[in-house]
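Novice: I need the structure of the sequence given here:
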Amino acid sequence: MKKQIFTVMSVIFCMLLASCASRQFAPISRVTLPAVERSDRTDEYQVLNSVDGEVAVSMTQKGKKRIVKPDSGEDFINVCYQDKNDPEKYNYSTEDSKGTLRYGIIENFNNGGEPDRCDGESMARYLAAYRLINEAKTVGADGILAPSVRVDTEELKDGVLYRVKISAKLIKLNTAN
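Specialist: Reported below is the predicted structural model:
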């Protein structure tokens with residue numbers, strides 16, 4: 001009898017440990033940068049140079065499981081499962097996904113918010129913005145001017161590859177009156 005109680009208690013303890021160890025959220029790294037509207041008053045800012053943020057993100061399908069990940073093998077691997085009630089909808093799995101979700105928000109350009117973690121193009125756009133913003137911050141830019149985006153898609157054996165390139169001019173605001 002003691003052996004059975006010990007076995008049952010061991011199973012319950014292991015189940016508790018497993019439930020506590022599962023991830024409840026994905027680590028997120030978020031950056032923002034303003035997109036400045038073009039002004040004829042060139043005394044307000046100085047154009048530094050142009051910068052690009054590029055990324056390729058694949059979205060593959062294996063049965064009811066969708067995998068979204070950058071081709072570079074860094075950052076994140078998002079795993080999503082098809083919704084039982086709505087076959088057009090996919091649900092993000094925190095337990096099966098890995099890495100840190102890195103995305104950039106360019107104000108007045110990609111409308112803020114968060115990307116759809118189960119959509120390859122959405123994740124590619126936000127990761128490209130993240131990379132562009134980090135390049136801008138590295139050179140000390142205060143904002144960007146005239147952002148543009150190019151999205152190319154390529155068919156894969158079991159999915160789609162999204163290549164996204166966001167380009168913009170970096171500006172430094174003039175603080176002297």
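
Novice: So for the longest strand along the chain, what gets flagged as buried?
Specialist: If you go by DSSP state E, the chain has its longest strand at strand 45-62. The neighbour-count check on strand 45-62 (16 or more other CB atoms under 10 Å) flags 45, 48, 51, 53, 55-60 as buried. For glycine as for every other residue, the C-beta is placed from the backbone atoms N, C-alpha and C.

Novice: where does this protein have low pLDDT?
Specialist: Low-confidence regions of the chain, defined by pLDDT under 70, span residues 1-34, 36-42, 73-74, 111-112, 176-177.

Novice: try it again with 50
Specialist: 1-25 (pLDDT under 50).

Novice: That one: helices as residue ranges?
Specialist: For the chain, helices defined by DSSP state H occupy the ranges 2-21, 120-138.

Novice: now, which of the buried residues of strand 45-62 sits nearest L127?
Specialist: Nearest to L127 among these: V55, at 4.7 Å, using CB to CB.

Novice: List the contacts of the closest one.
Specialist: By CB atoms under 8 Å, 6 or more residues apart in numbering, the residues touching V55 are 70, 72, 124, 127-128, 131, 163-164.

Novice: need the contact list for V139.
Specialist: Contacts of V139 (CB under 8 Å, 6+ apart): 48-49, 51, 170.

Novice: go on, L170?
Specialist: By CB under 8 Å, 6+ apart, the residues touching L170 are 47-51, 136, 139, 141, 143-145.

Novice: same question, N110
Specialist: The contact partners of N110, taken as CB under 8 Å, 6+ apart, are 125-126, 129.

Novice: Over to T60?
Specialist: 66-67, 156, 158-159.

Novice: gap between the closest residue to Y92 other than its chain neighbours and Y90?
Specialist: Using CB to CB, 6 or more residues apart in numbering and skipping residues adjacent in sequence, the residue nearest Y92 is R117, 4.4 Å away. R117 is 9 Å from Y90, where distance means CB to CB, to the nearest Å.
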